[in-house]
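Asker: quick one, structure for this:
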Amino acid sequence: MSVQYSKPWEYTYQSLDQLPIICSYICRLMDKHPNALIYFNGELGVGKTTLIKSIIRECGYKGLVTSPSYQIVNTYEIVDDIHIHHFDCYRLESPDELELMDVYQYRDAVCLVEWADHGMRSLFTPDIEVNLSFVDHDSDDRFVSIVYQLTS
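Answerer: As a prediction, the model looks like this:
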């Protein structure tokens, strides 16, 4: 069965002060997609981790939000029994590593995934995809495009 996605929501931003606009949109999508699996795509340094940290804070988390670069996943309790899992799959060499850590146990909550092409994409189809890119390499301006699965 083929998955159909929405038309992209697109936004160009020049500073981190504009991240709340993007976070607000993603949080509204998360409300519509309980336990959403969200892939964040883009080259190294484009701002995937920064955006994810902002989303976790937008959801109400008050503690320190860090990158799970070496431990692969961090879990944040937003409120009683509501969690967000943040994956960074950059260092994975195969989907087998995700299988060994029983990645399926994390599908009980929203999962925000960086570097999904390093293993996660072969196991799951995302509910939402966030694509980040530099507008050009001569500026700090960034472009974001977001699509979500349409339900039939």
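
Asker: so what's the residue most central in space within the chain up against?
Answerer: For the chain, the residue nearest the mean C-alpha position is residue 112 (3.4 Å; C-alpha atoms, centre = their mean). When contacts are counted by C-beta atoms under 8 Å, 6 or more residues apart in numbering, residue 112 touches 38, 40, 52, 55-56, 84-87. All C-beta atoms are positioned from the backbone trio N, CA, C, and that covers glycine.

Asker: within its sheet, name the partner strands of the host helix or strand of it and how each one runs.
Answerer: Assigned by DSSP states H and E, residue 112 belongs to strand 110-114. Sheet pairing here is set by DSSP bridges, and for strand 110-114 it gives strand 37-41 (parallel), strand 82-88 (parallel).

Asker: quick one: distance of that strand to the chain centre.
Answerer: Taking C-alpha atoms, centre = their mean, to the nearest Å, one finds strand 110-114 lying 4 Å from the centre of the chain it belongs to.

Asker: right, and the helix or strand after it?
Answerer: Next element after strand 110-114 (DSSP H and E): strand 128-134.

Asker: so where's this protein shaky on pLDDT?
Answerer: 1, 152 (pLDDT under 70).

Asker: what sits up against the longest helix along the chain?
Answerer: Under DSSP state H, the helix in the chain containing the largest number of residues is helix 19-32. With contact meaning C-beta under 8 Å, 6+ apart, helix 19-32 is reached by 9, 11, 13, 36, 38, 50-51, 54-55, 58-59, 110, 128, 130, 144, 146, 148.

Asker: ok, stretch 141-152 next?
Answerer: By C-beta under 8 Å, 6+ apart, the residues outside stretch 141-152 that reach it are 3-14, 22, 25-26, 29, 32-33, 46-47, 51, 125-135.
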